[in-house]
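> 3D model of this:
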Amino acid sequence: AAAVDGDVGVSGALSVVGAVTFDGSLDVHSNAAVSGDVVVSGGVHSLSGAVVDGDMGVGGSVSVSGQMAVGGAASLAAELLVVGAAAFSSNLDVFGTLDAEGSVVLRSTLQVSGDVTFSDALVVTGAATLGSSLSVAAAVSLGDALTVGGAVSLAAGVSVGGAAAVDGDVGVSGALSVVG
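Residues are numbered from 1 along each chain as shown. Okay, here's the model as predicted:
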């Protein structure tokens with residue numbers, strides 16, 4: 001074994017066969033090529049950046065304090081928690097349940113290919129167009145006029161609280177009771 005107690009300068013290549021132990025800092029002022037694994041028991045700090053050309057596995061947490069760009073597809077085996085705002089510049093596909101705690105704002109068309117269930121009131125502030133039938137299982141309350149472009153069939157009694165105007169024939173198949 002050789003022990004050196006001062007500075008050593010080598011002007012050519014240095015080839016060492018066997019293990020090398022440094023008890024102090026190692027400064028390399030050019031590229032370093034390692035053909036085997038590099039095992040670091042402490043932290044790794046890069047002053048200018050790091051480029052990995054192959055696969056990289058991380059066994060612990062990863063913390064990114066700046067921006068993170070992913071050039072290919074990303075797959076997460078657990079949940080993704082985003083504390084701030086998130087922006088998607090392309091489609092977002094959700095294959096499970098979309099659970100939103102707050103409001104959801106859509107600035108374009110919402111297309112749903114299955115049933116839609118609302119657990120609370122549905123409030124529509126603009127016009128609504130239905131391309132098929134409407135079935136309502138409870139009472140309906142309208143705050144303004146109702147215009148119907150086709151025939152109306154009522155399966156139970158009708159009560160009119162104000163004046164009624166009929167433009168056309170009226171047919172009654174049962175008894176007619178008029179009060180007033």
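
> CA atoms for contacts and neighbours, from now on please.
Will do.

> all the strands of this structure, residue numbers only.
Counting by DSSP state E, one finds no strands in the chain.

> please tell me how far residue 122 sits from residue 139.
14 Å (CA to CA, to the nearest Å).

> before we move on, what about residue 130?
Taken as CA to CA, the span from residue 130 to residue 139 is 19 Å.

> ok, the residue minimising distance to the centre of the chain to residue 22 distance?
Closest to where the C-alpha atoms of the chain average out (CA atoms, centre = their mean) is residue 92, at 6.5 Å. Per CA to CA, residue 92 is found 51 Å from residue 22.

> what of residue 28?
Counting by CA to CA, the gap from residue 28 to residue 22 is 13 Å.

> repeat that for residue 173.
Separation of residue 173 from residue 22 (CA to CA): 107 Å.

> burial measure for residue 23, as a count.
5 (other CA atoms under 10 Å).

> from residue 17, how far off is it?
Distance from residue 23 to residue 17, counting by CA to CA: 19 Å.

> residue 34 now?
14 Å.

> what does residue 103 give?
For residue 103 relative to residue 17 (CA to CA), the value is 66 Å.

> and residue 115, by the same measure?
Distance, residue 115 to residue 17, by CA to CA: 71 Å.

> local confidence estimate at residue 1?
Residue 1 is assigned a pLDDT of 69 by the prediction.

> again but with residue 116, I slipped
Value for residue 116, per-residue pLDDT: 90.

> for it, what are its contacts?
By CA atoms under 8 Å, 6 or more residues apart in numbering, the contact set of residue 116 is empty.

> with residue 61 instead?
Counting by CA under 8 Å, 6+ apart, there are no residues that residue 61 touches.

> give me phi/psi at it?
Main-chain dihedrals, residue 61, degrees, to the nearest 10: phi -80, psi 150.

> done for today, thanks.
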